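1. any chance you can model this:
(2 chains)
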Amino acid sequence: MKTLLLLGVLLFGFTVSAQSQKVSLDFKNERVEKVLASIKSQTGMSLVFSDQLVDVNRKVTMQLKDATLKEALTKLLSGTNLTFEIRNNKIYFIEKKTVSQPGSKKKRVTGVVKDAMGEPLIGANVVEKGRSTNGVITDFNGKFTLEVDESASLVVSYIGYLAQDVPTKGKGDFHITLKEDANTLDEVVVTGYGDFKKATYTGSASVLTTEKLEALPVVSVGQMIESNIPGISVVAGTSSQPGAKTTLRVRGVASMNASTEPLYVLDGVPIPSYDLSNFTSMSDAGGMGFIETLNPADIESITVLKDAASASLYGAKGANGVVLITTKKGKEGKLRVNMAAKYGITDFAYTYRPLMGGEERRELIHEGLVNFQLDKGASEQEAQRYADANIDQYAKRLPQGYSDWESALFKKGYQQDYNLSASAGNQNSSFIGSLGYTKQTGVSLNSEMERFTGRVDASNKYKRVEFGMNASFSWTKNVHLPEGKFYGSAIYASKVNLTPSTPIYNEDGTYASGYRENNGYNPVLEAEVNDYYARTVRAMGTAKIAYNVWDNLKVSSVFTVDYSLTKDFFFQSPEGRDGATYQGRGRMQMTDRMRYTSQNNLTYSKTFGRHSVSAVAAFEVMKYDYEDLYAAKKTYGQDINTSLGNAADPIDADQLLQEDALMSYVASVNYSYGDKYYASFSFRRDGSSRLSPDTRWGNFWSLSGSWRLSQEKFMQPLKSVLSDLKLRASYGVNGNLPSSYYGYQSTYTTGAFYNGKPSPWESTLGNEELTWEKNYALNLGLDIGLFSRVNVSLDWYTRTTKDLLMSKQLNSISGFSSLLTNVGQMRNTGVELEVRSNNIKTKDFSWTTAFNLSHNKNKILKLADLPWFVDGRYVRKEGYPFNTIYLREFAGVDPETGSALYYDNRQDENGGYTKNTVTDPGKANPIPLKDITPTISGGFMNTFNYKFIDLSFNLSYSFGGYSYDNASYILQDDGYSVISNKSTEQRRRWQKPGDITDVPRFVYGNKKGGNYNSSRAIHSTDHIRLKSLILGVNAPKAWLQKLGIGNARVYFSGTNLLTWAAYDQYDPEMSGVVGFYTPPLKTYAFGLELKF
Amino acid sequence: MKKILFILGFVSLLVVGCGDFFDTAPSNKIPTTMAFRTVTDVDNAVNGLYDLISGSGYYGAAMFAYGDMKGDDMQSSEESGVCNTCYMFNHRPNSLNAGSLWGRPFYILREAWNILNAIAEGKIESGDEKKLNALKGETMAVIALCQFDLTRCFGYPYTKDNGASLGAPLIDHLVGIHENPPRSTVAQAYDFMIEMLEEAVTLMSEEKNNGRMNRYAARALLARVYLYHNDNRKAFDMADQLIKDADASGSYALYPHEKYVAAWSVEAKFGSESFFEIANSVDDTPGRDSWGYLLNWYGYQKGFVTQKYAEQMLADPGDVRGQLLEENKYAGKTVWWLYKLRGTDLKTAPLECNNVVLRLSEVYLIAAEAGCKLGGDAAVQGLGYLNEIVKRGNPDNEVTMADYTLDRVLDERSKELVGEGHRFFDLLRNGKTIIRKGGYHLPSVDEEVDWDFYKCVLPIPEDQFIFSPEMEQNPGYPKN
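-> The predicted structure is shown next:
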């Protein structure tokens, strides 16, 4: 109700029509140009004219007070051969129709100018070639009439289109189609501190307009960005469960302790990317995302800022790149209503760790038992007897048949998505409102996400004041099946512990549980009786006000409140394994997050002659406040009512508060000369509460420049081939903060208890010297436009992290094993290439291609006083990439004995490794092995339009990367544990002397095989994937007009539809150390869009 | 115009102008400089030592798993985890697979020295000197306990070579973060802990303080340390006197035969025998990583008693201690689960049962063992103490002087103290061979272990050699 009321007020407030708009002018003998500029700034309208028609240097005297725009323009144009028209917030200056002079050698030509889609182009320039004073502008139907010499040619041009020469000889009526200039230079880079045309931008940024991607069955911003922007990768170790957090990385990993996530900026306001999961259930799998509470349908475009010049404006946290999200705004015109609906079906996108079936597994283990006895010296017969006697302990044939855990735990997911939006606007005001609903279910039991979103954005401009308000709301419910190494996790349990010989049901049909496997957990039972969900409400409000102090000086202020409340609930039923211990346990954590930002800008811009300068000064503050409340109770009388109110005994209650504060001063200057030379400088000073008062403030800056060679005179002869050429360079430093809010302080915990009494202990060893991590980035770029058809952008960068925040390892004898310090250095170097091409563009058919490629290489330059240390499966070592796997090196299988071989890898005197093979993995040294990062990755997007049909698809690819299978120690352990599942890869096992294979002999209790982590489990992630596909059909306009519909479209879309990968056991996008979380999913969807 | 400027000013100034903008503080921590001001602060900080002791990597589970799973009375099931890695002697320099037995004691030692230093520096508002002294003594006892565990896990038994070989580094002061202390010999470590404990018992209070050590507990620990140090006379005297004092106190007594089983129920925490036990409660427990949960059939099923142990107990149905075993299937076999650590009922896995570290029965058995080794008068008394334990188990049983051998005492320790983290150390320090054959033993287990087996001690973790490249590794283990 409140929202409706607000809408009404807004609609009412901004109906100021063009004609009644008032202007005041006070000019004495001033140039027309000045007068026009004043009209423009007072009305906010654009002026469309050809300077061949309008003499801007003519001096006039205009003294009007609160005159209508029409009066003013009529007065201004009196005595000329011009008239004007106002349409769509633009003032068109048009030549008065002239009557041809009879008797001259001239002829009268008429024509119409249209674009490739057949829409008339209004205001296109039509000039007689060689006589630039003779020209007209097309009218509202795209038509023109002009008197020209008998054999003259016309030059037809329009901004954003390629100029065209049209010979008139022997013809009087023309139908001219202008081709769009494929140049993407008109793309706008929105930086939050001013918008730049890409042509003039000195930094490195990629823009993604989401218009075409709206049809994709994606539910989050991250999924939208993925593989559509070069240099962005999705971080390993994150789940594809509905609502799971997508973590992006821009240009490699540049930090160890501090965040490696980019900064998200929504409409100019930095927004956080929290992990919302409170209980550990999702934390192993990446968590639940805050960014995922945004509705992708509300997004107009996404810009990713990648270099120092772009990101340094954001100083704090800009070190990992900046993802700028621009939401849709109301557009000028009558009320537009959009309705869209989508329905999709989801399934695993790729094979996921195929396992042996019941009988095959039984045979394998039988063989293992036989081998075990043979190795002990038993005869073949004795060994067989032993195996026969014991096989049922490990691989029993169940009376009810082998269990099919896959079908019991997994299903097809579905997804539905509905959006309604309405927008309207005029010259001074605009508004947009939207309402969205999304529901997605996962592929395993009890996993889904449901989301409602609502948003209103309105702005109004009156004279020198612009005012805008934006409010958005979302409600998200995640049903998050625990992932990672949870015994109740469908993924983990079914792939590791639940074998075909583990019963799902007892013979009497009740759930089986309490068995040895999987610690007695039956996830089907757990999923049925337990209950868990997380609900997040997020409300965000923004107020903006801007005031033009005088023409070029603007002061503006933006204030944003971003509030969210998450309630995470977990009920473990007394019927389930976890809950039984407590006779049912319920836990609830409520987390309240409040964050406000205030940004105050002063901007100035001035053009004198060919020089143009703009400057920004800003002051910003951000304060964040976190509070949670946790309560747990046990002893439920029943499991019908699961809320805490039904449990008898309180177990725990807890409360935690945290705060974070950031203050910044920003200044930046942009200068350009004659559309050729551009230079920018920015400076930023940030203070953070996460650092001690002495080290709190950090200074960050950047310097950048570009040179548009193609604008130079000497390049003009090449213009037809080399339509654009620009060199860019930037260098600067950005900052990053420790992830802990209070890490610099030495503290005693006051929140620990023992035996019901406080039990403080020294919980943090502080480092008063802790300071900003700094990221020095150099970017060199080249933009080339060829034949006005192909655009190539090439960037080379290197970014060096200094004062790297890292946990310096301490001698644990001191009591602490690490201390956060600024010691290390790390470097990322890379190349990015983007090619966009308009291959074909005719009235009916068009084909565009966009190809991108990125390469990044990371290297650790310096660590703390230790030159290397082991971090899980990785080694962090000076001179090596950050993500270098560190394991024993597998040397294959001895064809004679079937035992696994390893390289001993002792360091020899030359610094190399001895490569003697040993059978005892204990005698093999682990060494740095593969860098998991792909050498190259990117995407290849094609879009086709034929009349009312459009087709687009994106192929993503990645080569040279690796992953380590963290399940192989159990699925391919060669017999170490015979109670677990076994991979189908064990089919290739060695069985008799002479067998040449890479899988050793299977022996019960085998201590020296696959259970020893080795390079055997490192796999290539090379792949090509049909990442997205959209096929849409637009209904013919003629039909729709009768129904009163502006546009109607049906489409089929899909993500991750096809995959070609080097390794066939799990999804190639699961990179790094592959654990147990939902792999990428494929979705097919059908959708309908209606516009009124 | 004015209105606009006003709004603009309002919005931009909404949040600025407060000088304490950066003043933020966590809600669950205080600066270290504020940690020690009053005697209560010291008392709480000492309580904090026990909180750290109670973690699953130390006395929450690992210390017991280490002492029991490596012996011959208990074994692990086929699952992974600390029970299995200890049982399999799966210790490597790059992964000890034995809880936090290297890290956690050092952390506690640091905290303990923080307390002693705060007291020594006179930071504490005086008022109750006696209490402050008692807390000082208690801290010293904790220091001795940590040093004792480090020494017996990383160094060979004192009895093997009279402490000539290396143990862990000796933490006799607050170790700075850039300091790299060397390993001390086992003998030096024993001298240090005996000195600490001897002083501690003079300072500590006799008052019962549930979940924490008092003077009785420190004396029990000292008796155990003397025994490990092969100082049988002192061990005997300390145990003998302690038994007498405990008896006289009225606060302590052996659990009687008929109440023995009930004494292990959850409700009977901090019973009459208990000198020191780790306090657990539903809201403060290592939970599923706790020793009780690991051993429970309704819990993680990680370990049970060996067939040898079960048969020995079942052979004497009159022995009340056999009632602490419960039969239940595991992998198609009937095995016996130890129910010393219980849930609220037999079908509920325990989360709040306490872990016993020091109790009166052990002191009786220390006296019995030391007496047996000493002979003479001590042997007479020692046999008496042994029989008190034997008869409490089964009133029909009695050990005669002829049967009073070290092995008999060790057998009684095994019956009485199973699951309390003793068996491996008992056999090892007496130079016995640990035999783990047949029964339900897993096929690839080390079948015979004694103090000459290199894995009878833990390796020094590989990280240590980064800081102290010259430090010696335990024989048989590589440095990485």
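
2. now the most centrally placed residue in chain A: which helix or strand?
-> With distances taken as Cα atoms, centre = their mean, A:Gly222 lies nearest the centre of chain A, 3.3 Å away. Taking DSSP states H and E as the criterion, the element that holds A:Gly222 is helix A:221-225.

3. quick revisit: how much space between the nearest residue to the residue nearest to the centre of chain A once chain neighbours are set aside and chain B?
-> Once flanking residues are discounted, A:Gly222 sits nearest to A:Thr246: 2.8 Å by Cβ to Cβ, 6 or more residues apart in numbering or on different chains. The way it works is simple: take the backbone N, C-alpha and C, and place the C-beta from them, glycine included. From A:Thr246 across to chain B, the span is 29 Å (Cβ to the nearest Cβ, to the nearest Å).

4. check A:Gly960 too.
-> Distance of A:Gly960 to chain B, computed by Cβ to the nearest Cβ: 29 Å.

5. what's the one helix or strand A:Tyr776 maps to packed up against?
-> A:Tyr776 belongs to strand A:773-786 when assigned by DSSP H and E. Counting contacts by 3 or more Cβ pairs under 8 Å, 6 or more residues apart in numbering or on different chains; DSSP states H and E, strand A:773-786 packs against helix A:308-311, strand A:697-708, strand A:722-736, strand A:790-809.

6. tell me which strands it pairs with, and in which orientation.
-> With DSSP bridges as the test, strand A:773-786 is paired with strand A:722-736 (antiparallel), strand A:790-809 (antiparallel).

7. how far does the longest one sit from the chain's center?
-> A distance of 18 Å separates the C-alpha centroid of strand A:790-809 from that of its chain, computed with Cα atoms, centre = their mean, to the nearest Å.

8. orientation of it relative to strand A:697-708 in degrees?
-> For strand A:790-809 against strand A:697-708, the angle by axes from the mean of the first three to the mean of the last three Cα atoms, to 10 degrees is 160 degrees.

9. can you show me the CA trace of strand A:790-809 as CSV?
-> Taking Å, rounded to 0.1, in the frame of the first residue of the first chain, the C-alpha atoms of strand A:790-809 are listed here in CSV:
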residue,chain,number,x,y,z
VAL,A,790,35.6,-4.6,-36.3
ASN,A,791,36.8,-3.3,-32.9
VAL,A,792,39.8,-4.8,-31.2
SER,A,793,40.9,-4.0,-27.7
LEU,A,794,44.2,-5.4,-26.4
ASP,A,795,45.4,-4.8,-22.9
TRP,A,796,48.6,-5.8,-21.2
TYR,A,797,48.8,-5.4,-17.5
THR,A,798,51.0,-6.2,-14.5
ARG,A,799,49.8,-5.6,-11.0
THR,A,800,52.1,-6.0,-8.1
THR,A,801,50.8,-6.4,-4.6
LYS,A,802,53.1,-4.9,-2.0
ASP,A,803,52.8,-4.9,1.7
LEU,A,804,50.8,-8.1,1.1
LEU,A,805,48.7,-8.9,4.0
MET,A,806,49.5,-12.4,5.1
SER,A,807,49.6,-14.5,8.1
LYS,A,808,53.2,-14.8,8.8
GLN,A,809,53.9,-18.2,10.2
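
10. following it, which helix or strand comes up?
-> Counting by DSSP H and E, the element after strand A:790-809 in chain order, helix or strand, is strand A:818-841.

11. hmm, that next one in reach of chain B?
-> Yes - on the criterion Cβ under 8 Å from any Cβ of the partner chain, strand A:818-841 is in touch with chain B at A:Leu819.

12. ok, back up a step: quick one: contacts for the residue nearest to the centre of chain A?
-> Residues near A:Gly222 by Cβ atoms under 8 Å, 6 or more residues apart in numbering or on different chains: A:Val234, A:Lys245, A:Thr246, A:Thr247, A:Leu248, A:Gly289, A:Ile291, A:Glu292.
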